[in-house]
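Asks: okay, here's the prediction I keep looking at, along with the sequence it came from:
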Amino acid sequence: MSVNSKIYEGKAKILYKTENPEILLADFKDDATAFNAQKRGTIAGKGNINCSISSKLFQELEAQGIKTHFIDNPAPNQMRVRAVKILPIEVVVRNIAAGSLCKQTGLELGTILGQPLVEFYYKNDELGDPLLTRDRLLLLELATAEQVESITHLALQINELLGGFFQRCDLTLVDFKLEFGVDSQQQLLLADEISPDTCRLWDMASTDTNRRVMDKDRFRQDLGNVEDAYQEVLQRVLKAVENQK
């Protein structure tokens with residue numbers, strides 16, 4: 001497949017045009033960033049691992065009726081995706097208190113929430129990706145009221161599906177980030193990736209607050225064994241997919 005010019009490079013991926021304007025090629029990088037890119041590093045093999053995990057999870061969600069931008073994998077660290085206009089919103093779904101929710105509310109780490117919490121953040125590095133109210137989101141015209149309603153419904157549905165899947169991997173889905181885009185037919189699609197970079201995952205077999213971490217918090221908090229944790233998540237995902245056949 002011939003690839004044309006690079007059209008975008010983010011913290012974790014590079015997007016390229018292809019011969020088909022409706023299809024893009026996403027190249028997953030080994031680069032790692034945290035705290036709005038204030039901390040930078042490299043996680044060996046991360047591109048391949050995150051691409052593989054994301055691909056499997058997108059296919060699992062597609063099988064359950066969730067429309068995504070995923071098409072296929074031409075290479076281990078590459079994903080062909082449908083071209084979409086990404087909404088400048090990060091959608092975060094929280095099941096257990098962790099990270100910024102604890103810092104901003106005083107909730108104790110590990111507090112199980114009575115119901116999933118859906119939050120919207122403005123994708124704007126200069127502003128520090130601030131938390132938005134629904135009214136502010138609409139004021140800035142980042143999405144329509146109908147899109148916000150659809151995204152909220154989809155996020156909760158995806159949370160239920162991913163939570164069940166990760167449970168079969170002996171992992172607890174603490175929280176995760178989603179991004180959505182609109183294709184040329186104005187169809188809302190789940191985009192970006194679903195991986196240890198975008199999900200907080202805790203090993204069910206461990207009660208130790210450090211050892212149980214199986215996601216990018218290992219990089220953020222200098223817990224070590226980052227590559228091993230990512231690789232372990234991939235192996236569990238592959239096993240869970242295989243067991244479903």
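Replies: That came in fine, so what should we check first?

Asks: which stretches of the protein form helices?
Replies: All helices of the chain, identified by DSSP state H, fall at 46-63, 100-105, 134-139, 145-168, 217-220, 226-244.

Asks: as JSON lines, those helices with mean pLDDT and mean neighbour count would be great.
Replies: The way it works is simple: take the backbone N, C-alpha and C, and place the C-beta from them, glycine included. Output for the helices of the chain, formatted as JSON lines (pLDDT from 0 to 100; neighbours: other Cβ atoms under 10 Å):
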{"stretch": "helix 46-63", "mean pLDDT": "97", "mean neighbour count": "21"}
{"stretch": "helix 100-105", "mean pLDDT": "96", "mean neighbour count": "13"}
{"stretch": "helix 134-139", "mean pLDDT": "96", "mean neighbour count": "13"}
{"stretch": "helix 145-168", "mean pLDDT": "98", "mean neighbour count": "16"}
{"stretch": "helix 217-220", "mean pLDDT": "94", "mean neighbour count": "20"}
{"stretch": "helix 226-244", "mean pLDDT": "95", "mean neighbour count": "17"}
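
Asks: closest one to residue 119 among those helices?
Replies: Residue 119 lies closest to helix 100-105 among the helices of the chain, at 8.4 Å (Cβ to Cβ).

Asks: how far off centre is the closest one?
Replies: 20 Å (Cα atoms, centre = their mean, to the nearest Å).

Asks: so what touches that helix?
Replies: The contact list for helix 100-105, computed with Cβ atoms under 8 Å, 6 or more residues apart in numbering, reads 94, 97, 107-109, 117, 131, 175.

Asks: ok, back up a step: for residue 82, find the nearest of the helices of the chain.
Replies: helix 46-63 (11.1 Å).

Asks: what sits against residue 156?
Replies: Applying Cβ under 8 Å, 6+ apart, we find residue 156 in contact with 93, 116, 118.

Asks: which residue comes closest to residue 195 once chain neighbours are left out?
Replies: The shortest distance from residue 195 to any non-neighbouring residue, by Cβ to Cβ, 6 or more residues apart in numbering, is to residue 50 (3.9 Å).
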